[in-house]
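Student: return atomic coordinates for the entry below.
(chains A, B, C and D)
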Number of protein chains: 4
Amino acid sequence: MSSVYTGNLTVAIFGQSHAPAIGVTVDGLPAGLPVDPDALQRFLSRRAPGQNAWSTPRREADAPEILCGLKHGKTCGAPLTAIIRNTNTRSGDYENLKDIPRPGHADYTAQVKFGGAQDADGGGHFSGRLTAPLCIAGGICMQLLEHEDVHIRARILSIGSVTDSAPFDAPVAEKPFPAVSDDAAAAMQAEIAQAKAEGDSVGGVIECVVDGLPAGVGEPMFGGLENLIARAVFAIPAVKGLEFGAGFAAARLRGSENNDPFRVQNGRIVTETNNCGGIPGGIPTGMPVVFRAAFKPTPSISREQDSVSLSRMEHETLVIHGRHDPCIVPRAVPCVEAAAAIAVLDAWMGRKKELGYAF
Amino acid sequence: MSSVYTGNLTVAIFGQSHAPAIGVTVDGLPAGLPVDPDALQRFLSRRAPGQNAWSTPRREADAPEILCGLKHGKTCGAPLTAIIRNTNTRSGDYENLKDIPRPGHADYTAQVKFGGAQDADGGGHFSGRLTAPLCIAGGICMQLLEHEDVHIRARILSIGSVTDSAPFDAPVAEKPFPAVSDDAAAAMQAEIAQAKAEGDSVGGVIECVVDGLPAGVGEPMFGGLENLIARAVFAIPAVKGLEFGAGFAAARLRGSENNDPFRVQNGRIVTETNNCGGIPGGIPTGMPVVFRAAFKPTPSISREQDSVSLSRMEHETLVIHGRHDPCIVPRAVPCVEAAAAIAVLDAWMGRKKELGYAF
Amino acid sequence: MSSVYTGNLTVAIFGQSHAPAIGVTVDGLPAGLPVDPDALQRFLSRRAPGQNAWSTPRREADAPEILCGLKHGKTCGAPLTAIIRNTNTRSGDYENLKDIPRPGHADYTAQVKFGGAQDADGGGHFSGRLTAPLCIAGGICMQLLEHEDVHIRARILSIGSVTDSAPFDAPVAEKPFPAVSDDAAAAMQAEIAQAKAEGDSVGGVIECVVDGLPAGVGEPMFGGLENLIARAVFAIPAVKGLEFGAGFAAARLRGSENNDPFRVQNGRIVTETNNCGGIPGGIPTGMPVVFRAAFKPTPSISREQDSVSLSRMEHETLVIHGRHDPCIVPRAVPCVEAAAAIAVLDAWMGRKKELGYAF
Amino acid sequence: MSSVYTGNLTVAIFGQSHAPAIGVTVDGLPAGLPVDPDALQRFLSRRAPGQNAWSTPRREADAPEILCGLKHGKTCGAPLTAIIRNTNTRSGDYENLKDIPRPGHADYTAQVKFGGAQDADGGGHFSGRLTAPLCIAGGICMQLLEHEDVHIRARILSIGSVTDSAPFDAPVAEKPFPAVSDDAAAAMQAEIAQAKAEGDSVGGVIECVVDGLPAGVGEPMFGGLENLIARAVFAIPAVKGLEFGAGFAAARLRGSENNDPFRVQNGRIVTETNNCGGIPGGIPTGMPVVFRAAFKPTPSISREQDSVSLSRMEHETLVIHGRHDPCIVPRAVPCVEAAAAIAVLDAWMGRKKELGYAF
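Tutor: So this is what the prediction gives:
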């Protein structure tokens, strides 16, 4: 299915880093949703490059043009397609990459897969730039979910060795560096600056929370909300790990520690703890859904690296020119929210299918 | 899509723990594959309960009956369906669970989702028993992949606080306790015995390796091999985390540490290291695919737990009777292999689609 | 996707004519539907062979065993699987067919497709017998739709040259020969008897009506109700044509004749005529959905036919032994209803997805 | 799935008649296919409006802009997206249609389905204009298939009461009016002119042939080539019937007349006749695939029609202004080819999945 997310809605992402445009079609959105273009633009701006010291100097307005799917500012039931023109491309930066693949990138596998017909410029379809249309789709899904009182928010949990241990009880979406603790944020930025100064890059972890999702959304087995979120989140390049609730730490716990006891609170069933990340057995309990995604350090670094010449099948030293983020994590925060929004809306619409029968 | 894995092949799992049968249909297998029933049975026996001190005393032969899809012992192109009769059910053990949901289980969410119409006996469709048909499907996919020289193997990496730090260079499938180091295995079993003695349970981590997968398998974005494996592995109840290669550890690395330099070896492109777990950007390089899945401790423990009565909406103390594994991890090893096999075969068949054109 | 119908619900059909069993899994049914096994059996009996002069003497009880998916007689939210054991198989009848393909059957194409690994006995997976699990799935979908006041009914419109021109305003499901006019039914049976006496077979047309479907069900373009019905109905072997409303006759009409004028009746919008078969542009108006399916004559005839020996690549004269229907049309009536029910329920559930938003 | 065709490739169509643009994404095309833009433009021009006396005077260049998916003029493995800007829209023509639905159109059902949020201008997403992106997708699929020596061609078989009984043995794609017999073409055009003069419209039948498709393509049951073609062809607005080979006429034949005897010809298996339209049991024999689609007369006519005011729920007389084709059939010929090409390429790629195993 490649670049298409299918389920109760379809999200088809297209484009290459240096093609005329990138974009996305979302098919199956409920009609009548007012889409707020300013809110969408603010959401996209959180991902946009070129804003600060820690991201690539490539500057793209990333202003989507909505080609169809709206009428009078509301979804009209037809597929919604939005595109972003690629205006600031410098293909010359990538001339040597088709023969000398960058370590950590998809250059080599794309070469094998597409037999040399791939578009290698700027990483082509494998470029992190493709997360812009992911954010368009996810941003619209988030607007719809907010109307249904479901809210999605993510934050930087760690960068390199620096962890923000503050609880996620303050909003970070408006912050230029979306961590909860300002002290941790400063330390994280210092870590990024240090890596950059060394011609290097650094990874990190993003934590995401979905509030307001009622119990009963999601399906058994392959259709669990964990599975849907995993399918969407692993579409973000650089994600190498995903865990829900206690996650890998749960593997070191006893059942008596890890189980979340049920309790009645204000007439609703809640759990005392939330080690399952809100999802036991694939289907949410109504507690917040909590997951974390691990991002590897940006593979494009300015240091000299070992690679090969594919044409000559021999060692080559590679120096990557071009413009790159020393740390992709800050810009990836809205991407994680967007991926979660697509999966959650899919599950939400699936839940609608089973409601309202009269048996 | 609930209990159906769709892609280049379809795997539809069905059954409840105490229904007449559980089973699976695999649609789209290439015709002509000799299915070795003895090898399949040996594979299933690795998952079967009741074999030893650390698993539930519920004993099921778990002997699948293949209803269709074979002719003269080979796949015949028609869908392959196999079932396992449920013979050893003791529904009385579960009488109170429909009103008093077990912490860590899907009892409560199933109640909400299906409006009380769910089959609660033994966990119904959410029971770990449904991993038996997963193993049937995956076991057959593995046989096919082995004919194509693709091999899948998993091992216990950790149980609770005990980690097996031996490299995965010896086969473990024949071992009753599938860890590499016998010393680690002994310590792990002691940890399980300790938990059991305390009326408790313990979690762990399983590592899985896919050898022989050529570069170029898998698709961009949502169709990456990571996404496919994630969709399949999170179908196993109790999986709460998944990471590829360095995984969460990569989030703490510099790019210069984490990138896998390319190298020419015996006329083939390889990488010096394999921090990406064989999959940079969703598409394998031809190096071994390596991933780890975190399993929470079995939620069913014999200790008293806090829960609620759904009918009276008040606190209830729950004591779970019935037969349970103090640690599900040893039996989950073939399940992880099976899930991987389904995803890998899906990707493999997808690769076939694009080969052999004459442009 | 082969033998799997996917959409808002999944229907996976499996089995070969002479395998141990045939059956079906329906995944995604709403929970809480009371399934009436007697009504289901009566529905299946309308398709079952061996009841009368015009069908094959092969007698199968066709009593499905429901393996899972029910609890206390109601759908429980888990996939529903039912199987029928194949008890009355006479494989010897088919010994020569693997080398000498029957004209009009899939023997030859199955041989090419599956490289000789196919199950040729009784037509294998391509046998008309596979419409029994289609009817199980469709019969259950019909029960659900009836609870929602949607009703599906089909009748024989023509056999060979005999057409039943009576309007479809009387029920036929209880009739052994489901035509409206008894005179036409007698003439049709005579035509079948004549063909049989000549060692031949005859085709016919089935008309199907869906009452009670509200306006707004179905999706644009590929997801129109016409497309869904077409996908399901062409799964019935022997269907070679499908038309909605005026169908092929509309191609000979003027727009002023064919357009269905809107009118207000009892506060509802209706159309004066129904030349569009209730579906203009893919989405029902609320008028009855009307379609017709053309069935070719049964390809298995007792007359000598020209074929080839695949092994010797030369002409062969084929005489088909075994037991065959001189006309499949009477038994296909419930199959058409079943196919329609699957498509209609799919569309119905899709409509649920878009209802109930608060924008 | 609404406007998305899914299978071994994905075709996602988007746009409304008066939105900024319409377009399509094709995901999953094999890489390395040279796309000939001139040939594509010629193909699209066959569908474009405003060329002659019998089509709408709305003139659109219908020149697609390919946004991505190509590199150096070849498919690069990434999704291919093309758009057409809507430049010649006159929304004022449609002002009354949101309240007074046009008979034969989807205006009313769109109103119900989308709760008034639909884009009614020019028929919105239900406009025949959406067949332009269908033709872009299909035209590219045809180019790929031609490289594989599979050729698709369609012709007008009848308009109203005039049938072209000439065999389809001469190419018609270059003709302005694509019928085989020039005499029939003249009579057909006279019929269209007559309808137009009367403020009316007329329907017709298109016949399509696929040459060069090898035996073995397609899947059983729901995945048969007939099913795939049906799903694609019914996406064309105005198609009300579809038949393969002898089609509805087969319902009046005896088995001995309808069966296609096998024969050896030049070392290949062929059939003497081709009443099955090349597809017995869903899977092609290697003979030409032949099908016919019935088109209703254009519902937009200039004559006064009876309709209702949805706001006042009372009778209204409707006069449709705007620009309309008195007969859509000539322009629909490439649309049928395009729909067929999508389905055939889907089946073709499915066949690739099962080839090349070493069992």
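Student: name the helix or strand for residue A:209, please.
Tutor: Element membership for residue A:209, per DSSP states H and E: strand A:204-211.
Student: pull the distance from the helix or strand following that strand to the chain's centre.
Tutor: Next along the chain after strand A:204-211, taking DSSP H and E as the criterion, comes helix A:225-233. Centre-to-centre, helix A:225-233 and its host chain are 11 Å apart (CA atoms, centre = their mean, to the nearest Å).
Student: other SSEs contacting helix A:225-233?
Tutor: Packing partners of helix A:225-233 (3 or more CB pairs under 8 Å, 6 or more residues apart in numbering or on different chains; DSSP states H and E): strand A:239-244, strand A:289-295, helix A:329-354, helix B:225-233. All C-beta atoms are positioned from the backbone trio N, CA, C, and that covers glycine.
Student: try 10 Å
Tutor: Here helix A:225-233 touches strand A:4-5, helix A:131-147, strand A:204-211, strand A:239-244, strand A:289-295, helix A:329-354, helix B:225-233, strand B:239-244, going by 3 or more CB pairs under 10 Å, 6 or more residues apart in numbering or on different chains; DSSP states H and E.
Student: quick one: which of the ones you listed is nearest residue B:184?
Tutor: Relative to residue B:184, the nearest member of the helices and strands packed on helix A:225-233 by CB to CB is strand B:239-244, separated by 20.0 Å.
Student: just confirm yes or no for the helix or strand that the closest one is followed by near chain A.
Tutor: The first helix or strand that comes after strand B:239-244 along the chain, using DSSP H and E, is helix B:255-258. Yes - Helix B:255-258 reaches chain A (CB under 10 Å from any CB of the partner chain) through B:255, B:256, B:257, B:258.
Student: please indicate which of the residues you listed are buried?
Tutor: Those of these that meet the buried threshold are B:255, B:256, B:258, by 16 or more other CB atoms under 10 Å in any protein chain shown.
Student: burial count for residue A:111?
Tutor: Around residue A:111 there are 21 other residues, counting by other CB atoms under 10 Å in any protein chain shown.
Student: show me what contacts the residue of the stretch 1-150 of chain A found nearest chain C?
Tutor: In the stretch 1-150 of chain A, the residue found nearest to chain C is residue A:32; the distance is 4.4 Å by CB to the nearest CB. Listed by CB atoms under 10 Å, 6 or more residues apart in numbering or on different chains, the contact partners of residue A:32 are A:71, A:74-77, A:147, C:354, C:357-359, D:114-118.
Student: and which of these is nearest chain B?
Tutor: residue C:354 (18.5 Å).
Student: grab the nearest non-local neighbour of the closest one.
Tutor: Leaving aside its sequence neighbours, residue C:354 sits nearest to residue A:30 (CB to CB, 6 or more residues apart in numbering or on different chains; 4.9 Å).
Student: what about the one you found, how many neighbours?
Tutor: Other residues near residue A:30 come to 24 when the count uses other CB under 10 Å.
Student: mind checking the SS state of it?
Tutor: Assigned with DSSP: H, G, I helix; E, B strand; the rest coil, residue A:30 falls in the coil class.
Student: and it, how close does it get to residue A:101?
Tutor: Distance from residue A:30 to residue A:101, counting by CB to CB, to the nearest Å: 43 Å.
Student: which element follows the helix or strand in which residue A:153 is found toward the C-terminus?
Tutor: In the assignment (DSSP H and E), residue A:153 maps to strand A:151-159. The element immediately downstream of strand A:151-159 (helix or strand, assigned by DSSP H and E) is strand A:162-163.
Student: got a list of contacts for that following strand?
Tutor: Residues contacting strand A:162-163 (CB under 10 Å, 6+ apart): A:156-157, A:179, A:181, A:183-192, A:202, A:204-205, B:252.
Student: of the residues you listed, which belong to helices?
Tutor: When DSSP state H is applied, the contacts of strand A:162-163 are split such that A:183, A:184, A:185, A:186, A:187, A:188, A:189, A:190, A:191, A:192 fall in helices.
Student: including distance to chain D and neighbour count, could those go into JSON lines?
Tutor: Converted to JSON lines, those look like this (distance: CB to the nearest CB, whole Å; neighbours: other CB atoms under 10 Å in any protein chain shown):
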{"residue": "A:183", "distance to chain D": "43", "neighbour count": "11"}
{"residue": "A:184", "distance to chain D": "38", "neighbour count": "20"}
{"residue": "A:185", "distance to chain D": "36", "neighbour count": "22"}
{"residue": "A:186", "distance to chain D": "40", "neighbour count": "13"}
{"residue": "A:187", "distance to chain D": "39", "neighbour count": "18"}
{"residue": "A:188", "distance to chain D": "34", "neighbour count": "28"}
{"residue": "A:189", "distance to chain D": "35", "neighbour count": "20"}
{"residue": "A:190", "distance to chain D": "38", "neighbour count": "13"}
{"residue": "A:191", "distance to chain D": "34", "neighbour count": "21"}
{"residue": "A:192", "distance to chain D": "31", "neighbour count": "25"}
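Student: tell me the average confidence for stretch A:183-195?
Tutor: Average pLDDT, stretch A:183-195: 97.
Student: mind checking the SS state of the nearest residue to residue A:68 once chain neighbours are set aside?
Tutor: Closest residue in space to residue A:68, ignoring its immediate chain neighbours: residue D:19 at 3.8 Å, by CB to CB, 6+ apart. Of the three states, residue D:19 takes coil under three-state DSSP.
Student: residue D:19 contacts residue D:125, correct?
Tutor: Yes - counting by CB atoms under 10 Å, residue D:125 is a contact partner of residue D:19 at 8.5 Å.
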